[in-house]
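Enquirer: pasting a predicted model and its sequence here:
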Amino acid sequence: MAHQRTPGRVKLVAQGLQGFQRPGDAAYWKLDVQRAGYYDMQLFYTSAANATMQLSVGTHAQLAAGKGASVTVRLPKQVRAAKPA
């Protein structure tokens, strides 16, 4: 569950987050890694418009200083599939 989000726009919903409307809108998660190792994370998205997203990982201090490891991706419009009848 996201523990911090852009106030007033990005909202927690049953299946994730919604409301990313402006550059700079954000959501943050705290991960508590118990043991060294390789861990896999996946993010699923739908978007009515093309978007660019940045995922950053690091300690709170690293992220606050803009020094976390990050990857930026350009995501094409991806409309949610209709539910089967």
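Expert: The structure has been received and is ready for your questions. Worth saying up front: this structure is predicted, and the values here are computed from it rather than measured.
Enquirer: tell me how far Ala36 lies from Gly16.
Expert: 29 Å (CB to CB, to the nearest Å). Every C-beta, even on glycine, is put in place using the N, C-alpha and C of the backbone.
Enquirer: in the protein, which spans are helices?
Expert: For the chain, the helices defined by DSSP state H cover 60-64.
Enquirer: in it, which residue is closest to the centre?
Expert: The residue at the geometric middle of the chain, judged as the C-alpha nearest the mean C-alpha position with CA atoms, centre = their mean, is Ala27 (5.7 Å).
Enquirer: flag the shaky bits of this structure, pLDDT-wise.
Expert: 1-4, 79-85 (pLDDT under 70).
Enquirer: quick one, strands of it?
Expert: Counting by DSSP state E, the chain has these strands, from start to end: 4-5, 11-13, 16-18, 27-28, 51-57, 69-75.
Enquirer: and these: which comes nearest Tyr45?
Expert: strand 69-75 (6.2 Å; CB to CB).
Enquirer: pull the distance from that closest one to the chain's centre.
Expert: How far strand 69-75 lies from its chain's middle: 10 Å, per CA atoms, centre = their mean, to the nearest Å.
Enquirer: what's the answer for stretch 7-27, then?
Expert: Taking CA atoms, centre = their mean, one finds the center of stretch 7-27 at 9 Å from the center of the full chain.
Enquirer: and for stretch 71-80, what are the contacting residues?
Expert: Around stretch 71-80, the neighbours that count as contacts under CB atoms under 8 Å, 6 or more residues apart in numbering are Tyr45, Thr46, Ser47, Ala48, Ala49, Asn50, Ala51, Thr52, Met53, Gln54, Leu55.
Enquirer: which non-adjacent residue is nearest the fifth one?
Expert: Ranked by CB to CB, 6 or more residues apart in numbering and with sequence neighbours excluded, the top spatial neighbour of Ala49 is Lys77, at 5.8 Å.
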